[in-house]
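Asks: fold the following, please.
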Amino acid sequence: MVFGIRAVIEAIDSGKEIESLFIQRGLSGSLLLELKALIKETNIGYQQVPIEKLNRITRKNHQGVIAVISPIIYHNIEDILPEIYEKGETPLLLMLDGVTDVRNMGAIARTAECAGVHAIIVPKKGSAEINPDAIKTSAGALYKIPVCRQDSLGKTGRFLIDSGVQLVVSTEKTKDSVYDIDYTVPTCVIMGAEDVGVSDDLIRISDKLAKIPMFGEIGSLNVSVSAGIVIYEAIRQRNIIK
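Replies: Below is the predicted model of the structure:
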């Protein structure tokens, strides 16, 4: 973690990946204005919190500002996708819309890395923090698989479509099964939060909707389990074709 307004400004200027940023509610001053201008320019999200929360995080002189440095380097899908095509490989991507639990994030990353998924796409805001718990749950996979943190999942989805990648949304809002989809073509599987699912904006632009068949009384699965089912159906199909 980095404490203090000037120290956080220097961290951002040096290109450090900021995982989360906390600013004391009601804080003011010219240096804070400089920080806010910088985070607006670099599109870094932040939370305004009471000073009590900052004091719980650290007893050091934080000056009302604490930044958490990401343990991983984030990528852009606009850079990753051309590289996949240049290698002659068929893209298999995973987009997580609103998955905020760090252990789910870690478990999904572990499965995705084991399956050979090319990249995980997450939004800059409203996504699980990549912290030691996420890294531990992923068994280190988050150090290996590219994680792309994008400004807008909607814009990213449209970019993928324009780049020849089909969007497959895992949702209960369809009669089509995940086993009826052709995953041998360039594909991005989209998983949503367990409570609200994938956003309507992504559903509207997606190519296919697919649900996992349920036969018991519970009627729902943990998102990390659901992601594993869909990913490995894609791998099964691709290996059969080979």
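
Asks: which parts of the chain are strands?
Replies: Ranges of strands within the chain are 2-3, 18-24, 47-49, 65-69, 92-97, 119-123, 147-150, 166-170, 187-192, 208-210, based on DSSP state E.

Asks: show me what the first one pairs with in its sheet, parallel or antiparallel.
Replies: When you say that, I think you mean strand 2-3. strand 65-69 (antiparallel) (DSSP bridges).

Asks: got the buried residues for the strand it pairs with?
Replies: 65, 66, 67, 68 (16 or more other C-beta atoms under 10 Å). Where C-beta positions appear, they are placed from N, C-alpha and C, glycine not excepted.

Asks: then stretch 105-120?
Replies: For stretch 105-120, by 16+ other C-beta under 10 Å, it's 105-113, 115, 117-120.

Asks: on that earlier part again, how about JSON lines for the strands of the chain, with distance to residue 222 and mean pLDDT added?
Replies: Below are the strands of the chain laid out as JSON lines (distance: least, C-beta to C-beta, whole Å; pLDDT from 0 to 100):
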{"stretch": "strand 2-3", "distance to residue 222": "34", "mean pLDDT": "91"}
{"stretch": "strand 18-24", "distance to residue 222": "24", "mean pLDDT": "93"}
{"stretch": "strand 47-49", "distance to residue 222": "27", "mean pLDDT": "93"}
{"stretch": "strand 65-69", "distance to residue 222": "26", "mean pLDDT": "94"}
{"stretch": "strand 92-97", "distance to residue 222": "13", "mean pLDDT": "98"}
{"stretch": "strand 119-123", "distance to residue 222": "17", "mean pLDDT": "97"}
{"stretch": "strand 147-150", "distance to residue 222": "20", "mean pLDDT": "95"}
{"stretch": "strand 166-170", "distance to residue 222": "13", "mean pLDDT": "97"}
{"stretch": "strand 187-192", "distance to residue 222": "11", "mean pLDDT": "97"}
{"stretch": "strand 208-210", "distance to residue 222": "18", "mean pLDDT": "97"}
